[in-house]
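Student: give me the fold of what follows.
(one chain, ligands or ions: 1)
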Amino acid sequence: MLRGERTPDAFMPFGLGPRMCIGNNLALMEAGLIAALLLRDVRVTVPDGGPTGLHAGVTLRPDGPVTAMFHR
Ligand code: HEM
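Tutor: From the prediction side, this is the model:
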């Protein structure tokens, strides 16, 4: 799951430590498959350029709404 020079706690949507999510690898595999199927026939554009920053809460998320357009 980790790439490059990231430390193990750089990305932690599944928690950390002894109670870390045991479904994390399944969830990441499923997410990749679902994204590939959904995006197979569409092109996605973000007209206003996307978010300007990130909000670090329980999970990392855009700091504002993201408007996306889907084109067949
Ligand atoms: C996007 C999908 C998922 C996310 C974001 C997620 C996230 C989390 C988080 C944050 C925890 C708590 C970790 C902690 O207390 O430090 C957790 C625990 C857990 N997750 Fe997930 N999870 C996901 C999918 C799954 C799947 C697919 C399974 C099983 C097939 C699963 C099974 C569990 C179990 C059993 C625990 C409790 C582990 C324990 O308390 O020892 N999760 N998950």
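Student: CA only for contacts and neighbour counts going forward, please
Tutor: OK.
Student: tell me the contacts of the residue nearest to residue 50 when sequence neighbours are not counted?
Tutor: Of all residues not flanking residue 50 in the chain, residue 66 sits nearest, at 5.8 Å (CA to CA, 6 or more residues apart in numbering). Listed by CA atoms under 8 Å, 6 or more residues apart in numbering, the contact partners of residue 66 are 46, 50, 51.
Student: double-check that residue 66 belongs to a helix.
Tutor: No - in this structure, residue 66 is coil, not part of a helix, as judged by DSSP: H, G, I helix; E, B strand; the rest coil.
Student: can you give me phi and psi for it?
Tutor: The phi/psi pair for residue 66 (degrees, to the nearest 10) reads phi -120, psi 120.
Student: just to revisit the earlier point, so which of the contacts of residue 66 also contact the ligand?
Tutor: The subset of the contacts of residue 66 within reach of the ligand, by CA under 6 Å from any ligand atom, is empty.
Student: quick one, domains of this structure?
Tutor: According to automatic domain parsing, the chain comprises the domains 1-40, 43-72.
Student: quick one: those domains as TSV, columns for mean pLDDT too.
Tutor: Converted to TSV, those look like this (pLDDT from 0 to 100):
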stretch	mean pLDDT
domain 1-40	87
domain 43-72	89
